[in-house]
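In: 3D model of this:
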Amino acid sequence: MESFIGLEIHIHLATETKLFCGCRARFGDEPNTNVCPVCLGYPGTLPVANQQALFLGYVVARALNCELSPRTVFERKNYFYPDLPKNYQISQYEHPIGRNGFIMVPLPGGEVRKVRIHDAHLEEDAGKMIHAGDMSLIDYNRAGYPLMEIVTEPDLKTGEEAEAFLIHFQRVIRYLKVSDGNMEEGSMRCDANVSVNFPGKGLGTKVEIKNLNSSRFVKKALNFEIQRQIGVLKQGGTIRQETRLWNENRDLTEVMRTKEMANDYRYFPEPDMPPFEPDPVFLEKVEKAQTELPDRKKARFVNDYRISEESAEFLIASRYVADYFEEVVQIGIEPALVASWLSGDVQKLLNRHGLTLDTSPMSARRLGQLLRLLNEERIHGKIAKKLAELVFEEDRDPEIIMREKGLEQIVDFDVLRGFIKNVADEYPAVIHSIKNGDERQRGFLIGKIMEKSQGRAHPQKLQKLFDDFLSEVTA
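Out: This is a model prediction of the structure:
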């Protein structure tokens, strides 16, 4: 059997206000506080398009290699939404912002596939329903949010591929800074269309799975639905075109309704809004808003900085982390060292303190300062780790902390010789055991010398001076 998957991804655009009114578009506010006569659908009110939403929409469409529309039109989609008071949705159909695009997506197994984009269009979001016992509550704060829908062609085959696509797409929109892409908060949602057919027969009957709010649920729902449809066909049955929901408690899809066709929505141009025709200045701004996307950045990091693919993958997962990495490298620190610290010690401290890099006290300047102290041998590895912890605890520069706490590495030969002599005087028998070939005792004495220096002795210089000291001692 062959399976065909297309996705409909909805993202909240990062605007201050809603798509057609001046109400705040902000998650987490008290229910029904960000509402007005326009988004509540009062008679006689008129919508006005949010210019920032149009701009961000074109930015996304351009990044997805779409043909940008020279004339985009809002239309009424007639459908009963209990949480959208007008009983129709202002959307786009015949003239979306962009068509016929594509995105290159890294898939499991190492394949990079070209996934075609059918269209990218704007529409207003509905509100949110909260079901409590035998009653339903409605929060209209989200009604009218600027929502962008990206519709792919059925170029994906499995739930795992769909999950990989969503993770990559989420990175793209975050790099573009057009949406936070937070699926848990509903600012990125996904509907999945899937059909199954016998090999060589092409597309089968499409089934839509609605309102999937995590990439993991997308994977699980699609894999279940593919197997369900294969079972129906193998038993000689036929697949009904319908909309289904994913029941995460039972790990199966359930029928929601029979699938509507486009003509069921009775689209027609929104009579209260003129078409939008972007001028050359607008399109130039869209072009300037483009940025280096994750896949290209990863390839550049591997080629230019000579770091591993694994390190590059960690760094490009977040645009902030990728930019932070380059800022530290530009200070003059070896790229591999920066990547190692970011994925290792810094990440451990972030996890311990429940922080992200952009909210932590370890700025790029401070990490650069810390690693420069390490490179200049003013501190060694253990002190560097201790300093990093203190930066998180005290929110101060590592060099200041080092000086105040006396953590700078001791490199003065005379001082180091003094530590060695003191320990040798305390453990003369151990010295003679080492001199007679018992190397097991060497680590013990080096440890004692490090204790004398409070961990500040330069390890390499200490080892050399200790060897010189031993050579002068008679067995």
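In: so where's the stretch 351-475 of the chain shaky on pLDDT?
Out: For the stretch 351-475 of the chain, the stretches with pLDDT under 70 are 411-412, 436, 438, 473-475.
In: Show me the helices in it, by range?
Out: Assignment of helices within the stretch 351-475 of the chain using DSSP state H, counting those that start in this stretch yields the ranges 364-375, 381-394, 398-404, 413-426, 428-435, 440-452, 459-472.
In: Switch those helices over to a markdown table; also include mean neighbour count.
Out: For glycine as for every other residue, the C-beta is placed from the backbone atoms N, C-alpha and C. Converted to a markdown table, these look like this (neighbours: other CB atoms under 10 Å):
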| stretch | mean neighbour count |
| --- | --- |
| helix 364-375 | 20 |
| helix 381-394 | 17 |
| helix 398-404 | 17 |
| helix 413-426 | 15 |
| helix 428-435 | 15 |
| helix 440-452 | 15 |
| helix 459-472 | 14 |
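In: Identify whichever of those lies nearest to Phe314.
Out: Nearest to Phe314 among the helices of the stretch 351-475 of the chain is helix 364-375 (15.2 Å), distances taken as CB to CB.
In: Can you give me the buried ones in stretch 44-57?
Out: Neighbour-count burial for stretch 44-57, counted by 16 or more other CB atoms under 10 Å, picks out 47, 49-50, 53-57.
In: and which of those is nearest to Gln227?
Out: Gly57 (36.6 Å).
In: could you say what helices and strands the host helix or strand of the closest one packs with?
Out: According to DSSP states H and E, Gly57 maps onto helix 51-63. Other elements packing on helix 51-63 under the criterion 3 or more CB pairs under 8 Å, 6 or more residues apart in numbering; DSSP states H and E are strand 67-68, strand 98-106, strand 112-124, strand 146-152, helix 159-176, helix 280-288.
In: so how far is the third one from its chain's centroid?
Out: In terms of CA atoms, centre = their mean, to the nearest Å, the centre of strand 112-124 is found 19 Å from the chain centre.
In: can you list the domain ranges for the chain.
Out: Listed by automatic domain parsing, the domain ranges of the chain are 2-285, 292-404, 413-472.
In: Mind telling me which of the ones you listed the model trusts least?
Out: If you rank the domains of the chain by mean pLDDT, domain 413-472 sits at the bottom with a mean of 75.
In: Any idea how far apart the tips of that domain sit?
Out: Across domain 413-472, the terminal residues are separated by 16 Å (CA to CA, to the nearest Å).
In: same check, this time on stretch 341-349
Out: Terminal-residue distance, stretch 341-349 (CA to CA): 11 Å.
In: what does stretch 337-350 give?
Out: 18 Å.
In: How about stretch 37-56?
Out: Its start and end residues considered, stretch 37-56 measures 25 Å (CA to CA).
In: who touches it?
Out: Under the contact criterion CB atoms under 8 Å, 6 or more residues apart in numbering, stretch 37-56 has outside partners 13-21, 23, 72, 74, 84-87, 90, 97, 122, 140, 143-144, 146, 148, 178-179, 270, 272-273, 276, 278, 282, 285-286, 289.
In: give me that answer again for 7 Å
Out: Outside stretch 37-56, the residues that touch it by CB atoms under 7 Å, 6 or more residues apart in numbering are 13-15, 17-21, 23, 85-86, 90, 122, 140, 143-144, 146, 178, 272-273, 276, 285-286.
In: so which of the helices and strands packed on helix 51-63 is the most packed in?
Out: Most buried of the helices and strands packed on helix 51-63 by mean neighbour count (mean count of other CB atoms under 10 Å) is strand 146-152; its value is a mean of 23.
In: Tell me what angle it forms with helix 159-176.
Out: Relative orientation of strand 146-152 and helix 159-176, computed by axes from the mean of the first three to the mean of the last three CA atoms, to 10 degrees: 140 degrees.
In: so how far is strand 146-152 off the chain centroid?
Out: 18 Å.
In: do you know how far the nearest residue to Pro275 once chain neighbours are set aside is from Thr258?
Out: Excluding the flanking residues, the one nearest Pro275 by CB to CB, 6 or more residues apart in numbering is Val73, at 4.8 Å. According to CB to CB, to the nearest Å, Val73 and Thr258 sit 29 Å apart.
In: of the two, who's got more company?
Out: Between Val73 and Thr258, counting by other CB atoms under 10 Å, Val73 is the more crowded of the two (17 against 9).
In: follow-up on the earlier one: so which of the contacts of stretch 37-56 are in strands?
Out: Under the assignment DSSP state E, these contribute 90, 122, 146 to strands.
In: neighbours of Asp295, just the number please.
Out: Neighbourhood size, Asp295 [other CB under 10 Å]: 17.
In: Over to it. Which of the three states is it?
Out: helix (DSSP: H, G, I helix; E, B strand; the rest coil).
In: got the contact list for it?
Out: When contacts are counted by CB under 7 Å, 6+ apart, Asp295 touches 104, 106.
In: one more time with 10 Å
Out: By CB atoms under 10 Å, 6 or more residues apart in numbering, the residues touching Asp295 are 103-106, 112, 168, 171-172, 316.
In: thinking again about what came up before, show me the one of the helices of the stretch 351-475 of the chain that comes nearest Val302.
Out: Smallest distance to Val302 across the helices of the stretch 351-475 of the chain (CB to CB): 20.8 Å, for helix 364-375.
In: Run the angle between the closest one and helix 381-394 for me.
Out: Here helix 364-375 runs at an angle of 160 degrees relative to helix 381-394 (the same axes, to 10 degrees).
In: helices or strands up against helix 364-375?
Out: Under the contact definition 3 or more CB pairs under 10 Å, 6 or more residues apart in numbering; DSSP states H and E, helix 364-375 sits against helix 319-331, helix 335-341, helix 381-394, helix 398-404.
In: wait, which of the buried residues of stretch 44-57 is closest to Glu254?
Out: Gly57 (33.3 Å).
In: measure that closest one to Asn303 for me?
Out: Counting by CB to CB - Gly57 and Asn303 are separated by 33 Å.
In: got it, and Glu472?
Out: In terms of CB to CB, Glu472 sits 52 Å off from Asn303.
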